[in-house]
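Participant: all I have is the shape, not the residue letters:
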């Protein structure tokens, strides 16, 4: 291209057979014929290409002992004698080679956290140390550090990315924010003092590259796909490039916007489909049972039920404090963010960086936890009022109306008196839910399945049972925790859980053990729950290694799939990235963040293993 931005020659990179686009392009000393040469690097290609002025590959350089650094972003620069330096970005090193690729030196271990843009000047290699916020000067032969220039935080950006030597000895550097896309371009003195900004005309500027053309700075901004010109005083001079260049940039911008629109449309469609599926499932679950069956089942049922609009109205009456709290938090989050930002600006010189990162979250969590602590207590007290029994029992009553398995378990003339949903564990409530059905003769405990399916776990004769309610106490009571209902059979078997409706649970506990005026003409023999499981030690080991595996062997398919899916996601999102950063050196993972992410995955595995062990002990006792 000419100095005015007119295209003079094109090179079709596809003709070179490259596995990807160019990642680094830097000038080399002239060849033996005096012609121009360029060194090109491609991500995923373990050798560098030497191109002539016509874009033809004239030779290849195979760098020695660079590991897997060529698979990620890297930067190249060449000295006048042909030596080549490579800043390996997320590999946190700078490597020096001769012109044939033989490795000469390596930067000190631990010096860099993301070694990025570099250039050679006056016998030194200048390299950007992004996460440490410095521009380091390394010895031209040994790569030992000789000096550095600190890069100040400016306009909320504090991570230097690319750097060039500007006119009159200034240092021009792009400084980015946390996302490493948006930022500013500034000039610094040799001491690291801020001289001036180069204000891009793009909104939310994304400076991806820049270069000095004499006394004119050429800035490439990906936000609006523009090439902008500035003078040495930081004044905007207009755009750069001929009509053909502008046309190519416009097409690229239109392509990016098109894909952004496709992605947004897909997200909206997925959200709408998900919402529609949820609504359809809710209506399917709320469908009324046939009139004759509903009449027969509810004939002597003491547990109240609701239908249609009454469920919504009672739900609002019970949970309105929670709805108001969520709305208030949404309204306060923006003012809180502004206050926290101003407070951090004042306290930043006095506190350590990790504290600065954690402080806003702590400041927001403390009042949030206090608010939900109060809400939990408030809703817990209201749930014990008789007026909300029908709302809290509606799921159990509808299950009874629609479950043919439950109704087929009734004996001749047996009548249902109470029905109650009981959560057998505080963990995974959706997968540890039983339905207790109290008739005039027995207590039947089912495990509800998909649709109208259900599995009878145990049938206890009423006269052989006793029950009591154990009130929740301590901090769980303050958070609105549920009371526990405990049933003990004459043969020593015990069953307990956390009832959905406290009022129904108390009435059921009072009725159990009362054998007055009960028919004894028919009684089914009590059955032991059909539980299968490996030995507790084996179950613990299996679910610790692969969360959910033991649950699948225990025929708890739904819970096993959930544990296995979330465990796989944690392995992909937490464990894998941390190990790639620590062992593969592809990027920087701070120890605290890494240990925290691994801790979450280990906690999940221990949770799954504990659940599998408890179930296995019950199955083998």
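Facilitator: Everything's here; your move. It should be emphasised that the depicted structure is a prediction, and the values quoted were computed from it without experimental measurement.

Participant: tell me the contacts of residue 511?
Facilitator: Residues near residue 511 by C-beta atoms under 8 Å, 6 or more residues apart in numbering: 417-418, 438, 462. C-beta here means a position set from N, CA and C on the backbone, and glycine is covered the same way.

Participant: how close does the closest residue to residue 465 other than its chain neighbours sit to residue 461?
Facilitator: Nearest non-adjacent residue to residue 465, counting by C-beta to C-beta, 6 or more residues apart in numbering: residue 512, 4.8 Å away. Separation of residue 512 from residue 461 (C-beta to C-beta, to the nearest Å): 11 Å.

Participant: more neighbours, the two?
Facilitator: Neighbour count, other C-beta atoms under 10 Å: between residue 512 and residue 461, residue 512 has more, with 21 against 18.

Participant: shouldn't that one be in contact with residue 463?
Facilitator: No. Between residue 512 and residue 463 there is no contact under C-beta atoms under 8 Å: 9.4 Å.

Participant: buried residues in the host helix or strand of residue 58?
Facilitator: Residue 58 is located in strand 57-61, with elements delineated by DSSP states H and E. Of all the residues in strand 57-61, those buried under the rule 16 or more other C-beta atoms under 10 Å are residue 61.

Participant: partner strands of it and their direction?
Facilitator: If you go by DSSP bridges, strand 57-61 pairs up with strand 48-52 (antiparallel).

Participant: low-confidence stretches in the stretch 201-350 of the chain?
Facilitator: By pLDDT under 70, the low-scoring segments of the stretch 201-350 of the chain are 281-299, 308, 330, 333-334, 337-338, 340-350.

Participant: counting neighbours, what do you get for residue 56?
Facilitator: Residues within reach of residue 56, counting by other C-beta under 10 Å, total 12.

Participant: so how far is residue 35 from it?
Facilitator: Between residue 56 and residue 35 the computed distance is 11 Å (C-beta to C-beta).

Participant: ok, the closest residue to residue 60 other than its chain neighbours - contacts?
Facilitator: In space, and not counting its chain neighbours, residue 60 is closest to residue 47: 4.9 Å by C-beta to C-beta, 6+ apart. Residue 47 makes contact with 60-63, 101 under the criterion C-beta under 8 Å, 6+ apart.

Participant: the stretch 51-200 of the chain: strands as residue ranges?
Facilitator: All strands of the stretch 51-200 of the chain, identified by DSSP state E, counting those that start in this stretch, fall at 57-61, 75-78, 84-87, 94-97, 103-106, 115-121, 124-129, 134-139, 145-150, 159-165, 171-176, 183-188, 194-197.

Participant: winner for burial among these?
Facilitator: Highest mean neighbour count among those (mean count of other C-beta atoms under 10 Å): strand 84-87, with a mean of 26.

Participant: elements contacting that one?
Facilitator: Packed against strand 84-87 by the contact rule (3 or more C-beta pairs under 8 Å, 6 or more residues apart in numbering; DSSP states H and E) you find strand 75-78, strand 94-97, strand 115-121, strand 124-129.

Participant: go ahead and measure how far the third one is from the middle of the chain.
Facilitator: Spelled out, it's strand 115-121. For strand 115-121, the separation from the chain centroid amounts to 34 Å (computed by C-alpha atoms, centre = their mean, to the nearest Å).

Participant: same check, this time on the first one
Facilitator: Relative to its chain's centre, strand 75-78 lies at 35 Å (C-alpha atoms, centre = their mean).

Participant: now it: mean pLDDT?
Facilitator: For strand 75-78, mean pLDDT is 92.

Participant: name the residues that touch it?
Facilitator: By C-beta under 8 Å, 6+ apart, the residues outside strand 75-78 that reach it are 24-29, 39, 41, 48, 84-87, 89, 115-120, 125.

Participant: again, only using 6 Å
Facilitator: Identification of contacts with strand 75-78 by C-beta atoms under 6 Å, 6 or more residues apart in numbering yields 24, 26, 28, 39, 41, 84-87, 116-120.

Participant: of these, which is the nearest to residue 575?
Facilitator: Checking the contacts of strand 75-78 against residue 575 by C-beta to C-beta gives residue 116 as the nearest, at 27.1 Å.

Participant: residues in contact with the residue nearest to the closest one when sequence neighbours are not counted?
Facilitator: In space, and not counting its chain neighbours, residue 116 is closest to residue 128: 4.3 Å by C-beta to C-beta, 6+ apart. Residue 128 makes contact with 116-117, 135, 160, 163, according to C-beta under 6 Å, 6+ apart.
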